[in-house]
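Q: just to be clear, the model below is a prediction. Sequence and coordinates:
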Number of protein chains: 2
Amino acid sequence: MNLNFPSKLLETAVNEFATLPGIGQKTALRLVLHMLRQDSASLEAFGTTIIKLGTELRFCKICRNICDEDICPVCADNRRDHTTICVVENIKDVMIIENTQQYRGVYHVLGGIISPMDGLGPSDLNIGSLEDRLKQGGIKEIILALSATMEGDTTNFYLFRRLSQYNPVFSTLARGVSIGDELEYTDEITLGRSILNRIPFNVS
Amino acid sequence: MNLNFPSKLLETAVNEFATLPGIGQKTALRLVLHMLRQDSASLEAFGTTIIKLGTELRFCKICRNICDEDICPVCADNRRDHTTICVVENIKDVMIIENTQQYRGVYHVLGGIISPMDGLGPSDLNIGSLEDRLKQGGIKEIILALSATMEGDTTNFYLFRRLSQYNPVFSTLARGVSIGDELEYTDEITLGRSILNRIPFNVS
């Protein structure tokens, strides 16, 4: 559909929304028309929040999770087990695992997984900072909680090879997570059990 | 799903997106995480556009369509027929009709239709400004292009009663079998009306 917009600003707004994943021009128009029914104070709050996403959001200096401070709430929590690091692909995975309330260790957010198809290699991920944490010592266990896909397995293998010199125990999520599934779509009970029943990881 | 957000700002952003129609918390999170991969300049452009929707967007003083100036491009166009007003529910309808490139008259946007269920009465709609246009004279025809629903019919009836003192010709969109439709799949009411309101057939 090629719409004739009565206003340049309206067109710009629709095009901005249409850049979001899963949102086409028709849906974008519906969203923008909905926003027009809001008062200007609500729109200013919405717009300011989006601008702040680019300027104020920070990444935890330890685990690279998104946070408002230098250190994220999980890393700053002394009651958690700082000798166990759960390695995840992105911050959504941290949120999903936290939601199960089964895990008391800390995290490390890779910011992706090794995927030659998408041009993502080890140097594009937060692996150096993970290695630094192991170099500093005191880490007993690395839980590899990546998606059960080929890319996830590749990344697990790479991490195991690079980090085993620091002698942590490697474990991975119990295979209650179906092969081929992404963490995002796994039900909470299965995911919670998979963390409790994590199994030793070794390459043989 | 009740997510634990590592950042208050992230939570605010997700909640803002989740207020949009058809977007739940999970989709909102996916959209926000997508935005986080943009640079801060893009996010500022996006946010500023939304803020401007509340401050810079104006409504045409004549037809109440959305525009950037005092008068919308359609009302400002001297080549159009300013004696024929097509009454529509919202600006999306203007865009859809303009897209057909078949209409050369002007518009009037009601901003809704009479719907007691939603608490929308005549005084909530742009009917007074439509009456003013008729009072000023020179309007020959009013095309009622509202939805073919009970609320649309109610609004048509109300407009006819209130505006017929100015003696315009009233017309409404032809109701009938859609171009390309097979009779078998046309609903009975439409088909019945199409037979009653049959039009002369000629090959020329």
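A: That came through fine. Numbers count the residues shown, from 1 in each chain, chains lettered A, B, ... in the order given.

Q: verify the stated contact: A:Y166 with A:E141.
A: No: using CB atoms under 8 Å, A:Y166 is not in contact with A:E141, being 11.4 Å away. Any C-beta I mention is one placed from the backbone N, CA and C, and that applies to glycine too.

Q: can you get me a residue count around A:L36?
A: 17 (other CB atoms under 10 Å in any protein chain shown).

Q: which residues are in contact with the top strand by length along chain A?
A: Ranked by residue count and defined by DSSP state E, the top strand of chain A is strand A:81-88. For strand A:81-88, contacts defined as CB atoms under 8 Å, 6 or more residues apart in numbering or on different chains pick out A:63, A:75, A:94, A:97, A:103-110, A:130, A:133, A:138-146, A:159, A:183, A:195.

Q: just the buried members of those?
A: Neighbour counting with 16 or more other CB atoms under 10 Å in any protein chain shown marks A:63, A:75, A:94, A:97, A:103, A:105-110, A:130, A:133, A:139, A:141-146, A:159, A:183, A:195 as buried within these.

Q: quick one: which of those residues sit in helices?
A: Here DSSP state H is the test, and the buried ones among the contacts of strand A:81-88 give A:V94, A:I97, A:L130, A:R133, A:L159, A:I195 as lying in helices.

Q: how's chain A carved up into domains?
A: What automatic domain parsing lists as the domains of chain A is A:8-55, A:78-200.

Q: quick one: is the first one near chain B?
A: Pointing back at domain A:8-55 there. Yes: legend: contact between domain A:8-55 and chain B by CB under 8 Å from any CB of the partner chain is shown at A:8-10, A:12-13, A:16, A:20-23, A:27, A:29-36, A:38-55.

Q: pLDDT score assigned to the residue positioned nearest the centre of chain A?
A: With the centre of chain A defined as its mean C-alpha position, the nearest residue by CA atoms, centre = their mean is A:N90, 1.6 Å away. On pLDDT, A:N90 comes in at 88.

Q: next one: the closest residue to A:I71 other than its chain neighbours from B:E131, what distance?
A: Counting by CB to CB, 6 or more residues apart in numbering or on different chains, the nearest residue to A:I71 once its immediate chain neighbours are dropped is A:C60, at 5.7 Å. Remark: distance between A:C60 and B:E131 (CB to CB, to the nearest Å) = 62 Å.

Q: okay, the two: which has more neighbours?
A: A:C60 (25 against 15).

Q: which parts of stretch A:162-173 are buried?
A: Under 16+ other CB under 10 Å, the buried positions of stretch A:162-173 are A:L163, A:P168, A:F170, A:S171, A:T172, A:L173.

Q: my read: A:D68 touches A:C60, true?
A: No: taking contacts as CB under 8 Å, A:D68 lies outside contact range of A:C60: 10.0 Å.

Q: tell me what angle the longest helix along chain A forms with helix B:40-55.
A: What stands out as the longest helix in chain A, according to DSSP H, is helix A:40-55. Interaxial angle of helix A:40-55 relative to helix B:40-55 (axes from the mean of the first three to the mean of the last three CA atoms, to 10 degrees): 180 degrees.

Q: and helix A:40-55, what other elements does it pack with?
A: Counting contacts by 3 or more CB pairs under 8 Å, 6 or more residues apart in numbering or on different chains; DSSP states H and E, helix A:40-55 packs against helix B:8-18, helix B:25-36, helix B:40-55.

Q: switch the cut-off to 10 Å
A: On a contact count with 3 or more CB pairs under 10 Å, 6 or more residues apart in numbering or on different chains; DSSP states H and E, helix A:40-55 meets helix A:25-36, helix B:8-18, helix B:25-36, helix B:40-55.

Q: need the buried residues of stretch A:162-173 in TSV (columns: distance to A:I114 and secondary structure).
A: Listed next are these as TSV, based on distance: CB to CB, whole Å; DSSP: H, G, I helix; E, B strand; the rest coil:
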residue	distance to A:I114	secondary structure
A:L163	14	helix
A:P168	19	coil
A:F170	17	strand
A:S171	19	strand
A:T172	16	strand
A:L173	18	coil
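
Q: and of those residues, the nearest to A:N202?
A: A:F170 (6.8 Å; CB to CB).

Q: give me the pLDDT value at the closest one.
A: Note for A:F170: predicted pLDDT of 93.

Q: quick one on the thing from earlier: and the ones in helices among the buried ones among the contacts of strand A:81-88, which two are the farthest apart?
A: Longest span within those, CB to CB: A:R133 and A:I195, 19.7 Å.

Q: so who does A:D70 touch?
A: Going by CB atoms under 10 Å, 6 or more residues apart in numbering or on different chains, A:D70 touches A:R58, A:F59, A:C60, A:K61, A:I62, A:A76.

Q: nearest to B:V177 among these?
A: Distances from B:V177 to those, taken by CB to CB, are shortest for A:F59, at 59.7 Å.

Q: right, is stretch A:190-204 up against chain B?
A: No: figure legend: stretch A:190-204 not in contact with chain B (CB under 10 Å from any CB of the partner chain); closest approach 12.3 Å.

Q: any low-confidence regions in chain A?
A: By pLDDT under 70, the low-scoring segments of chain A are A:1-2, A:175-179, A:204.

Q: any idea how far chain B is from the residue nearest to A:G111 when sequence neighbours are not counted?
A: Nearest non-adjacent residue to A:G111, counting by CB to CB, 6+ apart: A:N126, 5.1 Å away. For A:N126, the distance to chain B equals 15 Å [CB to the nearest CB, to the nearest Å].

Q: isn't A:N126 up against A:I91?
A: No: using CB atoms under 10 Å, A:N126 makes no contact with A:I91, being 11.4 Å away.

Q: got any residues that touch both of those two?
A: A:F59, A:C63, A:R64, A:V109, A:G111.

Q: which residue sits closest to A:A45, ignoring its sequence neighbours?
A: B:E16 (7.2 Å).

Q: same question but for A:C72, I mixed them up
A: A:C60 is the one closest to A:C72 (CB to CB, 6+ apart), at 3.6 Å.

Q: so A:D81 bridges to which residues?
A: A:D81 has these beta-bridge partners by DSSP bridges: A:G105.

Q: thanks a lot, see you next time.
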